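Enquirer: need a 3D model of the sequence below.
(one chain, ligands or ions: 1)
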Amino acid sequence: MTEPSAAAAGSPGEKATTDDGFIVFDQISKRFGKNVVLDDLSFSVGSGERVTLIGPSGSGKTTILRMLMTLTKPDSGTIRVGEDYLYHEERNGELVKAGEQHVRKVRGRITMVFQQYNLFPNMRVLRNVTEAPVHVLGRSQDEAEERAKELLDMVGLGDKLRAYPSQLSGGQQQRVAIARALAMDPDILLLDEVTSALDPELAAEVLDVLRDIAKSSDITMLCVTHAMKFARDVSHRVLMFDQGKIIEAAPPAEIFDDPKQERTRTFLESVL
Ligand code: ADP
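Expert: Residues are numbered from 1 along each chain as shown. Sure thing, here's the model as predicted:
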């Protein structure tokens, strides 16, 4: 699992990423009742790598992200981030959730942006972004505000600091949610269909912001999306899911222009 993934994304000069096994899923299985959602799945992601998960609805993509957030527990297998285990399969086949300090350490490095932005409705934009850095990371109010203003400028909302979420468009709210996620200084950003609830024009604003973030930072990104042009532009690697397995993994140019699997081809025809 140490293949280099070609720097398919971005400008020709962009540095290649190597799969150094920063995030590792090893033989992960998950079922809900009789529904096998992930079927003995193994893959890894390098630090700084941007990976997009595509595939039909119900193929297990969101479950992967939720496992990294420890919102969903696998039935078996091992998940590791950096040096720390989130879930660990013992030799006797028993799955254990890793010790609290490991989980807390990993959780401190990852943030997720959801389809529904879930801003605090009673707080102004600036406070939405400073709340967690102050209360979770223990930052001073001044320091948190300074960083929040930078981030809100970056997502094009420097003039909305005192607005309430209800006064913003869906696209603007989602951009606040992105600023809020980045305010936690994560190493890993998980994006779960962040534009699916938005009209195309508002979705485009959000994707532009994410494109800029991807290109200007070395954050590791795992992204579930149906926005295929975005996936092509920002990903180093695309994983095609079907029925709880990865059936094809390749740089975007290859997946989109020359898929090897018939299933990938028919899926892409249905969404492009
Ligand atoms: P995708 O992101 O590829 O659309 P998901 O990972 O969201 O797929 O879901 C995979 C399957 O798991 C779906 O069939 C979904 O209904 C099922 N599923 C997800 N969460 C739960 C849950 N909490 N209880 C029961 N079934 C679930």
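
Enquirer: please count neighbours and contacts with C-alpha atoms only from this point.
Expert: OK.

Enquirer: contact partners of the helix or strand hosting residue 176?
Expert: Under the criterion of DSSP states H and E, residue 176 resides in helix 170-182. Applying C-alpha atoms under 8 Å, 6 or more residues apart in numbering, the external contacts of helix 170-182 come out as 111-113, 117-119, 125, 128-130, 148, 151-152, 155, 157, 165, 189, 194, 198, 202-203, 205-206, 209.

Enquirer: which of those are buried?
Expert: 111-113, 117, 119, 125, 128-130, 148, 151-152, 155, 157, 165, 189, 194, 198, 202-203, 205-206 (16 or more other C-alpha atoms under 10 Å).

Enquirer: so what's the gap between the lengthiest helix in the chain and the chain middle?
Expert: Longest helix in the chain by number of residues (criterion: DSSP state H): helix 200-216. Relative to its chain's centre, helix 200-216 lies at 14 Å (C-alpha atoms, centre = their mean, to the nearest Å).

Enquirer: that helix packs against which elements?
Expert: For helix 200-216, the packing partners by 3 or more C-alpha pairs under 8 Å, 6 or more residues apart in numbering; DSSP states H and E come out as helix 170-182, helix 228-234.

Enquirer: who does the following helix or strand past that helix touch, helix- and strand-wise?
Expert: For helix 200-216, the succeeding helix or strand toward the C-terminus, using DSSP H and E, is strand 220-224. Secondary-structure packing of strand 220-224 (3+ C-alpha pairs under 8 Å, 6+ apart): strand 50-54, helix 61-68, strand 188-192.

Enquirer: what strands line up against the helix or strand following the longest one, and which way round?
Expert: Read it as helix 61-68. Counting by DSSP H and E, the next helix or strand C-terminal to helix 61-68 is strand 76-81. Using DSSP bridges, the strands paired with strand 76-81 in its sheet are strand 23-32 (antiparallel), strand 84-89 (antiparallel).

Enquirer: of those, which is nearest residue 52?
Expert: Nearest to residue 52 among the strands paired with strand 76-81 is strand 23-32; the distance by C-alpha to C-alpha comes to 14.0 Å.

Enquirer: what distance separates the helix or strand just after that closest one from the centre of its chain?
Expert: Downstream of strand 23-32, the next assigned helix or strand under DSSP H and E is strand 35-45. Relative to the centre of its chain, strand 35-45 is centred 17 Å away, using C-alpha atoms, centre = their mean.

Enquirer: so what does strand 35-45 touch, helix or strand wise?
Expert: Short answer (3+ C-alpha pairs under 8 Å, 6+ apart): strand 35-45 packs on strand 23-32, strand 245-250.

Enquirer: quick one, it and strand 23-32 angle?
Expert: 180 degrees (axes from the mean of the first three to the mean of the last three C-alpha atoms, to 10 degrees).

Enquirer: and strand 35-45, which strands flank it?
Expert: strand 23-32 (antiparallel).

Enquirer: near the ligand, which residues of the protein show up?
Expert: With the criterion set to C-alpha under 6 Å from any ligand atom, the chain comes near the ligand through 32, 37, 57-63.

Enquirer: give the ChimeraX command for selecting the buried subset of those.
Expert: Of these, the buried ones go into a single ChimeraX selection, burial set by 16+ other C-alpha under 10 Å:
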select :37,59,60,61,62,63
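
Enquirer: just flag the most distant two among the residues of the chain next to the ligand.
Expert: Farthest pair in the residues of the chain next to the ligand, by C-alpha to C-alpha: 32 and 57, 15.5 Å.

Enquirer: least trustworthy helix or strand in the protein by mean pLDDT?
Expert: When each helix and strand of the chain is scored by mean pLDDT, DSSP states H and E, strand 4-5 comes last, with a mean of 46.

Enquirer: what's the burial count for residue 123?
Expert: 15 (other C-alpha atoms under 10 Å).

Enquirer: what about it, which SS state?
Expert: coil (DSSP: H, G, I helix; E, B strand; the rest coil).

Enquirer: return the residues in contact with the nearest residue to residue 121 once chain neighbours are set aside.
Expert: Counting by C-alpha to C-alpha, 6 or more residues apart in numbering, residue 165 is the residue found nearest to residue 121 once chain neighbours are left out, at 5.8 Å. By C-alpha under 8 Å, 6+ apart, residue 165 lies in contact with 119-121, 123-125, 173.

Enquirer: likewise residue 187?
Expert: 109-110, 219-220.
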